[in-house]
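Enquirer: from the sequence below, what's the structure:
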Amino acid sequence: MPVRPLILYPDARLHMAAGPVTAPRETLRALAADVLDTLGAVSAMGLTAIHIGQPERVVVIRLQPDEPHAVYIDPVVVFASPERAAHPEGSVSMPGVVEPVERPARIRVRYRDLDGAEREEEAEGLRAACLQHEIDQLDGLFWIDRLSRLRRDRALKRYAKLRARTEP
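Expert: Numbers count the residues shown, from 1 in each chain. Alright, predicted model coming up:
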């Protein structure tokens, strides 16, 4: 499947909530394959269909290049632990900017797989942070929205400087 172009910050679509998946199974499989191929091409750990311009609730996660990927259709967090953990986060839609984000340390996610079967998965550590990050994206919450105003402003200034250096 083709690698798709990424939507870059500050594109307004990054703050739009994705709708539930209603596509036929073959179309959904093709979209998931495009998200996976794009994820590999940009060396990300997680990617949503929103990142490639499709406002549907599809997430692909692969924490290491040599491990199998996981596809989550219409995922929702159904449990979040009171314990918190911070992990460095960034986005392929805002390359070059990383900040620690504090989130629940453990979660349980309900989703459908590519065959339409309902599933639940418990996650902790980096996997929990990655799932929460991508589900936030599906809900229209870009990762920097989780930062304090001061840290968000600093991140935006760094990103503006990086873009100024790379744009003609």
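Enquirer: tell me which helix or strand the spatially most central residue of the chain sits in.
Expert: Centroid-nearest residue in the chain, with Cα atoms, centre = their mean: E134, separated by 2.7 Å. Per DSSP states H and E, E134 falls inside helix 125-138.
Enquirer: tell me the helices and strands packed up against that helix.
Expert: strand 46-48, strand 58-61, strand 70-80, strand 84-91, strand 94-104, strand 106-112 (3 or more Cβ pairs under 8 Å, 6 or more residues apart in numbering; DSSP states H and E). Any C-beta I mention is one placed from the backbone N, CA and C, and that applies to glycine too.
Enquirer: excluding chain neighbours, what is closest to A155?
Expert: Distances taken as Cβ to Cβ, 6 or more residues apart in numbering place V97 nearest to A155, at 5.1 Å, with adjacent residues excluded.
Enquirer: pull the number of nearby residues for that neighbour.
Expert: 20 (other Cβ atoms under 10 Å).
Enquirer: need the contact list for it.
Expert: Neighbouring residues of V97 by Cβ atoms under 8 Å, 6 or more residues apart in numbering: 90-91, 144, 155, 158-159, 162.
Enquirer: quick revisit: who touches the residue nearest to the centre of the chain in this structure?
Expert: 46-48, 59, 61, 72, 75.
Enquirer: got TSV for these, with neighbour count, pLDDT and distance to D113 too?
Expert: Compiled in TSV, these are given as follows (neighbours: other Cβ atoms under 10 Å; pLDDT from 0 to 100; distance: Cβ to Cβ, whole Å):
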residue	neighbour count	pLDDT	distance to D113
G46	26	97	16
L47	30	98	17
T48	26	98	16
V59	29	98	12
I61	22	98	13
Y72	26	98	8
P75	22	98	11
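Enquirer: farthest pair within those?
Expert: The span of the contacts of E134, defined through Cβ to Cβ, is set by L47 and P75 at 13.2 Å.
Enquirer: anything in contact with each of the two?
Expert: Shared contacts of L47 and P75 (Cβ under 8 Å, 6+ apart): 59, 134.
Enquirer: quick one: the residue nearest to D74 when sequence neighbours are not counted from L156, how far?
Expert: Leaving aside its chain neighbours, D74 sits nearest to R57 (4.6 Å; criterion: Cβ to Cβ, 6+ apart). Distance of R57 to L156, computed by Cβ to Cβ, to the nearest Å: 27 Å.
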